[in-house]
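>>> structure, please.
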Amino acid sequence: MYLLVQASCSRALMTSSSPGVSTVLERDRQALRYPQARVIVLNDDVNTFEHVVESLCRIIPGMNTDKAWALARRVDGEGSAEVWCGPLEQAELYHQQLGADGLTMAPIERC
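Numbering: from 1, shown residues only. Sure thing, here's the model as predicted:
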């Protein structure tokens, strides 16, 4: 059995939960096969908070209303927010869908 020890966009470490075993397995091979990328929404003077929240909840899997509102406030307050991070192919899809929904998007960033 393995427990997730650290999860970040660029690297996830796993360790065995068996007694006496402290082997750390790096999942770099998976990262090489599936490059990771960030989807970032930019602030603009066009979209309302409600539209940003609705778009995020509809397009980003697992997004809930509370998290979407927090991200919308971050976009407004800081000028941008990372709304999703994961495999590049999915990032490209979400980036395209959010942009098509009218949100102002930063270029996809690899992580």
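
>>> please name the nearest non-neighbouring residue to the residue positioned nearest the centre of the chain.
Of all residues in the chain, the one closest to the mean position by Cα atoms, centre = their mean is residue 84, 1.8 Å from it. Closest residue to residue 84 apart from its sequence neighbours, by Cβ to Cβ, 6 or more residues apart in numbering: residue 39 at 4.3 Å. Heads up, the C-betas are built off the backbone N, CA and C, glycines and all.

>>> who does the host helix or strand of the one you found pair up with?
Secondary structure assignment for residue 39, by DSSP states H and E: strand 36-42. Strand 36-42 has its sheet partners listed here by DSSP bridges as strand 80-87 (antiparallel), strand 104-105 (antiparallel), strand 109-110 (antiparallel).

>>> could you pull out the buried residues of that strand?
Using 16 or more other Cβ atoms under 10 Å as the test for burial, strand 36-42 gives 36, 37, 38, 39, 40, 41.

>>> tell me what the first one is bridged to.
Counting by DSSP bridges, residue 36 is bridged to residue 87.

>>> before we move on, the earlier item: just checking, the residue nearest to residue 84 touches residue 87?
No. Applying Cβ atoms under 8 Å as the test, residue 39 and residue 87 come out as separate, 11.2 Å apart.

>>> shouldn't residue 111 be in contact with residue 84?
No. Using Cβ under 8 Å, residue 111 makes no contact with residue 84, being 11.3 Å away.

>>> number of residues surrounding residue 48?
Neighbour count for residue 48, taken as other Cβ atoms under 10 Å: 9.

>>> any idea of the pLDDT on it?
Looking at residue 48, its pLDDT is 98.

>>> and residue 32, by the same measure?
On pLDDT, residue 32 comes in at 62.

>>> returning to that earlier point: nearest to residue 60, of the strands paired with strand 36-42?
Closest approach to residue 60 among the strands paired with strand 36-42 is made by strand 80-87 (5.2 Å; Cβ to Cβ).
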